[in-house]
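Student: sequence unknown, structure follows:
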């Protein structure tokens with residue numbers, strides 16, 4: 001063992017120790033390694049920072065932007081709602097549905113890309129289901145790693161091993177040759193995570209947020225039973241009139257919160273009632289705040305057809321209609337006046353739907369209720385109007401926004417374009433017409449051109465600490481190759497198990513690949529171990545395919561540390577994980593995967 005190898009291994013051990021104690025931050029440790037490795041003389045500074053131009057790093061950043069486009073257009077929201085609906089509030093079903101969805105999608109695109117896209121989806125699921133993100137982020141990364149074992153194009157190591165077979169004159173793997181191993185490993189991982197989730201952060205309690213939810217306000221202000229959705233008939237006297245002018249006339253005692261109209265692609269669009277002319281077929285979302293109003297009789301008189309309503313008090317329309325609590329300040333000119341004279345709807349495009357004197361919520365006769373200093377007003381209306389609230393000439397102070405305010409999709413009308421951009425990106429990646437990073441760049445630019453994402457949100461969506469962590473660990477791959485560290489391991493492998501039984505040799509190859517994959521990229525370890533595995537197969541006079549497949553599968557078994565794979569590095573921050581969390585949860589799963597692979601690979605391919 002030469003001095004350069006000792007220095008590189010020493011730095012690697014130091015990085016692992018710093019990662020394990022959690023100080024300093026993982027991205028800072030990565031930058032320290034970038035700065036220190038050139039002093040060993042093995043690599044220069046240009047090679048140490050070359051990771052910033054690595055196509056995989058650029059690809060991850062671009063996929064973060066595509067994921068942001070799916071969030072801003074509501075695609076991520078709808079997918080999370082579908083998973084939540086399938087789960088029915090059951091955390092066990094939720095975890096299974098999430099892992100199966102990620103495994104299926106990851107089988108046709110980069111597992112790193114799948115995680116980058118799913119992180120905002122999982123965060124939203126966690127908020128909606130009141131589950132700690134740490135309970136779901138590691139299952140997300142595990143499922144993404146397992147998805148790399150599904151098809152030939154699912155992850156780079158598969159293609160590396162396939163290419164090595166072709167270079168040695170053998171036939172390569174077919175597209176679905178990985179499926180007999182990927183499906184059992186994914187099933188095993190799902191069952192294991194159902195058990196191991198008790199070790200994840202947040203296992204003792206569900207995630208708690210300081211912000212209320214809309215359902216909390218619906219209960220507190222007793223809003224149930226006040227919401228109606230009605231369609232304007234062709235012969236309705238309201239047809240052709242302006243919505244906001246009817247609250248003091250035909251719709252007295254009611255607030256018109258929104259007008260629902262047909263949009264492009266058959267979608268329904270909600271518009272502010274201010275200045276909105278109503279046409280037959282349009283629907284009104286009404287809040288009946290006057291208990292003396294016979295809503296059904298009024299609807300019959302005005303020829304308004306009642307329609308089904310999603311969620312309690314418009315909570316099913318939370319992407320368009322929001323709520324906020326405001327307080328009447330000491331200098332407010334509204335103090336002493338009735339709520340009707342406050343003219344909130346006219347001034348702010350917001351309807352007063354609840355009022356509290358102190359801790360008591362008033363639910364009857366809101367329009368004539370006198371406002372007092374310190375009163376809390378609950379208003380409802382379009383999110384842009386709510387976000388424009390603040391202390392102004394009315395002397396109203398914005399007190400609180402619901403948790404749903406963080407989940408609003410500001411570009412929901414662009415959802416079809418976002419889906420088209422995603423499908424085009426995935427199609428280009430699967431077909432191989434252009435490199436993956438080129439496909440992602442095209443997808444990002446189209447997301448911007450179609451208005452799915454803007455520049456500010458695109459830059460903000462990239463999780464830079466995760467990228468820096470990955471970049472900082474890439475130079476170790478080159479340093480270990482140059483110092484002979486990997487060659488030394490390969491020689492030890494041949495000396496130790498070269499004459500043992502085939503399954504023992506496969507197990508040894510799996511272990512070496514997985515262990516080295518803890519410290520260098522799984523693509524790099526596949527490059528290094530594929531020729532070693534084929535040489536061992538030739539030495540033993542056995543088929544090369546079980547050995548090549550074992551390397552590919554072991555390269556994706558990167559469960560054991562947060563630096564084993566970019567997939568793990570991406571979920572460290574959102575999941576609130578420590579280095580030891582991956583060791584504790586990932587190591588037993590890696591051992592179980594080893595046993596399954598050694599059992600299945602010789603059986604499927606034959607030796």
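Tutor: That came through fine. Small disclaimer: the values here were computed from a predicted structure and weren't measured.
Student: So which residues of the stretch 101-250 of the chain form helices?
Tutor: Assigned by DSSP state H, counting those that start in this stretch, the stretch 101-250 of the chain shows helices spanning 111-129, 134-147, 156-167, 179-196, 214-220.
Student: Mind checking the ones you listed for the one nearest to residue 518?
Tutor: Nearest to residue 518 among the helices of the stretch 101-250 of the chain is helix 134-147 (12.9 Å), distances taken as C-beta to C-beta. For the C-beta atoms, the positions are set from N, CA and C on the backbone; glycine is no exception.
Student: Show me what that closest one is packed against.
Tutor: helix 91-106, helix 111-129, helix 179-196, helix 566-575, helix 579-605 (3 or more C-beta pairs under 8 Å, 6 or more residues apart in numbering; DSSP states H and E).
Student: now do 6 Å
Tutor: Here helix 134-147 touches helix 91-106, helix 111-129, helix 179-196, helix 566-575, going by 3 or more C-beta pairs under 6 Å, 6 or more residues apart in numbering; DSSP states H and E.
Student: Show me what the second one is in contact with.
Tutor: It stands for helix 111-129. 60, 63-64, 67, 71, 76, 79-80, 84, 102, 105-106, 133, 136, 140, 144, 147-148, 155, 207, 407, 566-567, 570, 574 (C-beta atoms under 6 Å, 6 or more residues apart in numbering).
Student: Equivalent analysis for the first one, please.
Tutor: Applying C-beta under 6 Å, 6+ apart, the external contacts of helix 91-106 come out as 83, 86-87, 114, 118, 139-140, 143-144, 146-147, 186, 190.
Student: any idea of the angle that helix forms with helix 566-575?
Tutor: Angle, helix 91-106 to helix 566-575, by axes from the mean of the first three to the mean of the last three C-alpha atoms, to 10 degrees: 140 degrees.
Student: just how off-centre is helix 91-106 within its chain?
Tutor: Taking C-alpha atoms, centre = their mean, to the nearest Å, one finds the center of helix 91-106 at 13 Å from the center of the full chain.
Student: got it, and the second one?
Tutor: The chain centre lies 2 Å from the centre of helix 111-129; the measure is C-alpha atoms, centre = their mean.
Student: Run the angle between it and helix 156-167 for me.
Tutor: Using the same axes, to 10 degrees: helix 111-129 against helix 156-167 is 160 degrees.
Student: What residues sit buried inside helix 111-129?
Tutor: 111-129 (16 or more other C-beta atoms under 10 Å).
Student: sec struct for residue 257, please.
Tutor: strand (DSSP: H, G, I helix; E, B strand; the rest coil).
Student: Equivalent analysis for the one 3 residues further on, please.
Tutor: Under the three-state scheme (three-state DSSP), the conformation of residue 260 reads as strand.
Student: Isn't it up against residue 283?
Tutor: Yes. Contact status for residue 260 versus residue 283: in contact at 3.9 Å, counting by C-beta atoms under 6 Å.
Student: re earlier: could you turn the buried ones of the contacts of helix 91-106 into a ChimeraX selection?
Tutor: This is how ChimeraX selects the buried members of the contacts of helix 91-106, with burial counted by 16+ other C-beta under 10 Å:
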select :83,87,114,118,139,140,143,144,146,147,186,190
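Student: got the contacts of helix 91-106 as TSV, with distance to residue 96 and pLDDT columns?
Tutor: Putting the contacts of helix 91-106 into TSV (distance: C-beta to C-beta, whole Å; pLDDT from 0 to 100) gives the following:
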residue	distance to residue 96	pLDDT
83	10	76
86	9	78
87	8	75
114	17	75
118	15	79
139	9	93
140	13	91
143	10	93
144	15	90
146	13	92
147	15	89
186	11	95
190	6	94
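Student: mind putting the contacts of helix 91-106 in a markdown table, distance to residue 538 included?
Tutor: Below are the contacts of helix 91-106 laid out as a markdown table (distance: C-beta to C-beta, whole Å):
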| residue | distance to residue 538 |
| --- | --- |
| 83 | 47 |
| 86 | 49 |
| 87 | 50 |
| 114 | 36 |
| 118 | 41 |
| 139 | 40 |
| 140 | 39 |
| 143 | 35 |
| 144 | 34 |
| 146 | 30 |
| 147 | 31 |
| 186 | 32 |
| 190 | 37 |
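Student: from the contacts of helix 91-106, which single one is nearest residue 25?
Tutor: residue 140 (21.5 Å).
Student: Report how many residues lie close to the closest residue to residue 400 other than its chain neighbours.
Tutor: Spatial nearest neighbour of residue 400, chain neighbours left out: residue 325 (4.2 Å); criterion: C-beta to C-beta, 6 or more residues apart in numbering. A count of neighbours around residue 325, defined by other C-beta atoms under 10 Å, yields 20.
Student: Just the element for residue 325, please.
Tutor: strand 321-328 (DSSP states H and E).
Student: Mean pLDDT per element in the chain, and the minimum belongs to which helix or strand?
Tutor: Lowest mean confidence among the helices and strands of the chain (mean pLDDT, DSSP states H and E): strand 268-271, at a mean of 63.
Student: After it, which helix or strand is next?
Tutor: Strand 268-271 is succeeded, C-terminally, by strand 283-288 (DSSP H and E).
Student: contacting residues around the helix or strand containing residue 47?
Tutor: Element membership for residue 47 (DSSP H and E) is helix 45-48. Applying C-beta under 6 Å, 6+ apart, the contact partners of helix 45-48 are 34, 37-38, 475.
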